[in-house]
Each structure stands twice: as C-alpha cells, then as structure tokens.
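# here's a sequence, model it:
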Amino acid sequence: MAKKKVCKQCRMFVEEEECPNCKSGLFTTTWKGRLSVINPEKSVIAKNIGLKAKGEYAIKIR
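Residues are numbered from 1 along each chain as shown. Take a look at the predicted model:
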C-alpha cells in the first residue's frame, strides 16, 4: 500500500495534481501523524495552528 501524498505548503492530504486548499503542486509522501479537521471555526487546535479549511492534515512532513 502506497503512502498518501501531502502538500508541502499547507500539509493537507491530496489525491489530485494540485492542492485544493492552497493550489500548490509540491507534494511529499514522507509524513507522520494525522489531524482531521471537521469544523475549523470551532476547533481550538485548528485555530492554534492556522488551519482554515476542513480536511485531513499531516502533523509532521519532510
């Protein structure tokens, strides 16, 4: 099973060739940890790290 790719700029998991969140084309498959944001307006963690869009994010990337 191949690892999912993550945007290097916003750390969102993506399947397309362009990140839907920040429109970047730079990706990595070297990541650790996941964070699922369902409601970024009410999430204290999302606010603390600056996430404004719902989705799945990597905690650490290389």
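
# next, count neighbours for the closest residue to Gly25 other than its chain neighbours.
Ranked by Cβ to Cβ, 6 or more residues apart in numbering and with sequence neighbours excluded, the top spatial neighbour of Gly25 is Glu18, at 5.7 Å. C-beta: built from backbone N, CA, C; applies to glycine. Under the neighbour criterion other Cβ atoms under 10 Å, Glu18 is assigned a count of 12.

# determine which residue lies closest to the centroid of this protein.
Nearest to the geometric centre of the chain sits Met12, at 1.6 Å (Cα atoms, centre = their mean).

# dump the residue contacts of that one.
With Cβ atoms under 8 Å, 6 or more residues apart in numbering as the criterion, the residues that contact Met12 are Val6, Cys19, Pro20, Asn21, Cys22, Ala53, Gly55, Glu56, Tyr57.

# cool, and Cys10?
Taking Cβ under 8 Å, 6+ apart as the criterion, Cys10 is in contact with Cys19, Asn21, Cys22, Ser24, Tyr57.

# narrow these to those that are buried.
Among the contacts of Cys10, the ones that count as buried by 16 or more other Cβ atoms under 10 Å are Cys19, Asn21, Tyr57.
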